[in-house]
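# sharing a model that was predicted from the sequence below.
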Amino acid sequence: MVKKISDAYNIGNLIINSISLKEVIEYIKVNKNKVNGYICVTNIRTAYLANKNANYCTIQNNSLLTIPDGMPLVWLGKLSGYKKLTRIAGPELFQKIISDSNSNIKHFLLGDTPEVLNRLTEKCKNVLNSSIVGSYSPPFKSVNLYDYKLIAEEINESQADVVWLALGSPKQDVFASKLIKYTNHKIIINVGAAFRFLLGEYNMPSMTIQKIGMTGVYWRFKQKPILFLTEYPKYFFFILKHSVIKVLFKK
């Protein structure tokens, strides 16, 4: 029987599940080979984009789960009454599940470069004792130009339980919504840069930065400072607006 997750809160039109990391992992273990769908790991930027684009919002709301990877989203959840809500980072979720060799989960790695996938597969198999049954690095092109049926055939033939998708959002969320039309009982988890975190190429900022909700600020400023300075203020005002709405109107 498929486990249902009913606790959720809204940020505008976007629905986010109030769920712990432990519950997400349990959901995946209980429902492997029983459901066919995707899990969105959303942050301030994707929450903002979902409220600007109705089609993208529908994609996130049609997920098996949409979980908060960002402290500002957690704060909005707490304002909605979910006082015990915590952040669920994509890299942490990936590492927890892929390193659990007792789970009997078969993994498929999808995204990033062939070189990254080769190194990641080697580490997962030889160091973490994970069951990696396949991998695929999609060529860089528009999300509408992929042969999703062909990609799904490779995934289905691998008999994977979980597909880890690392293309970055919103592309990976759109990609997953198209791919599930052809997959057979697969849980696709959209985890962005998680592959490179596990390889040690990227590292999380200090716990202080994480606790004050500045992880996204840290990464975007570090990677693309000019883009950060032009883009991030609108995300800040987006969170501020919805915080005020929740405090004043309890919505």
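Perfect, I can see it now. For clarity, every value in this text was computed on a predicted model and none was experimentally measured.

# from the chain's centroid, how far away is the longest helix along the chain?
Criterion DSSP state H: the longest helix present in the chain is helix 225-249. Here helix 225-249 is found 21 Å from its chain centre; the criterion is C-alpha atoms, centre = their mean, to the nearest Å.

# now do the strands in the stretch 51-200 of the chain.
Under the criterion DSSP state E, counting those that start in this stretch, the stretch 51-200 of the chain contains strands at 65-68, 106-111, 131-136, 162-166, 187-190.

# out of these, which one sits most buried?
strand 187-190 (a mean of 28; mean count of other C-beta atoms under 10 Å). Just so you know, the C-beta spots here come from the backbone N, C-alpha and C atoms, and that holds for glycine as well.

# mind listing what's buried in the longest helix of the chain?
Phe228, Tyr232, Tyr235, Phe238, Ile239, His242, Ile245, Lys246 (16 or more other C-beta atoms under 10 Å).

# just stretch 49-68 next, same as before
49-51, 56-57, 59-61, 63-68.

# and of those residues, the nearest to Ile151?
Distance to Ile151 across the buried residues of stretch 49-68 (C-beta to C-beta) is lowest for Ile59, with 17.6 Å.

# residues in contact with the closest one?
Applying C-beta atoms under 8 Å, 6 or more residues apart in numbering, we find Ile59 in contact with Cys40, Pro170, Asp173, Val174, Ser177.

# where does the stretch 51-200 of the chain dip in pLDDT?
Along the stretch 51-200 of the chain, the model assigns pLDDT under 70 to no residue.

# how near is Leu240 to Tyr56?
22 Å (C-beta to C-beta, to the nearest Å).

# what's the answer for Ile16, then?
Ile16 is 14 Å from Tyr56, by C-beta to C-beta.

# likewise Leu179?
Note on Leu179: its distance to Tyr56, by C-beta to C-beta, is 16 Å.

# same question, Ala160
Ala160 sits 26 Å away from Tyr56, going by C-beta to C-beta.

# quick check on Asn10: phi, psi?
phi -100, psi 140 (degrees, to the nearest 10).

# tally up the residues packed near it, please.
The number of residues packed near Asn10 is 15, by other C-beta atoms under 10 Å.

# try the one 10 residues further on
The number of residues packed around Ser20, counting by other C-beta under 10 Å, is 13.

# once you drop chain neighbours, what's closest to it?
Distances taken as C-beta to C-beta, 6 or more residues apart in numbering put Thr86 closest to Ser20, at 6.3 Å, once the chain neighbours are dropped.

# show me what contacts the one you found?
Applying C-beta under 8 Å, 6+ apart, we find Thr86 in contact with Ser20, Leu21, Val74.

# go through those residues and say which is closest to Asn104.
Nearest to Asn104 among the contacts of Thr86, with distances taken as C-beta to C-beta, is Leu21, at 19.7 Å.

# go ahead and confirm that closest one touches Glu92.
Yes. The pair Leu21 / Glu92 is scored as a contact, 6.9 Å apart, by C-beta atoms under 8 Å.

# mean confidence for stretch 231-249?
Across stretch 231-249, pLDDT averages out at 88.

# put the alpha carbons of it into PDB.
Output in PDB follows, covering the C-alpha atoms of stretch 231-249 (Å, rounded to 0.1, in the frame of the first residue of the first chain):
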ATOM      1  CA  GLU A 231      18.700  38.200  -9.000                       C
ATOM      2  CA  TYR A 232      18.700  37.500  -5.300                       C
ATOM      3  CA  PRO A 233      16.900  40.700  -4.000                       C
ATOM      4  CA  LYS A 234      13.600  39.500  -5.700                       C
ATOM      5  CA  TYR A 235      13.900  36.200  -3.800                       C
ATOM      6  CA  PHE A 236      14.400  38.000  -0.600                       C
ATOM      7  CA  PHE A 237      11.300  40.200  -1.100                       C
ATOM      8  CA  PHE A 238       9.300  37.100  -2.200                       C
ATOM      9  CA  ILE A 239      10.100  35.400   1.200                       C
ATOM     10  CA  LEU A 240       9.400  38.600   3.100                       C
ATOM     11  CA  LYS A 241       6.000  39.000   1.400                       C
ATOM     12  CA  HIS A 242       4.900  35.500   2.100                       C
ATOM     13  CA  SER A 243       6.100  35.800   5.700                       C
ATOM     14  CA  VAL A 244       3.900  38.800   6.200                       C
ATOM     15  CA  ILE A 245       1.000  37.100   4.600                       C
ATOM     16  CA  LYS A 246       1.300  34.100   6.900                       C
ATOM     17  CA  VAL A 247       1.700  36.300  10.000                       C
ATOM     18  CA  LEU A 248      -1.300  38.600   9.100                       C
ATOM     19  CA  PHE A 249      -3.600  36.200   7.500                       C
END
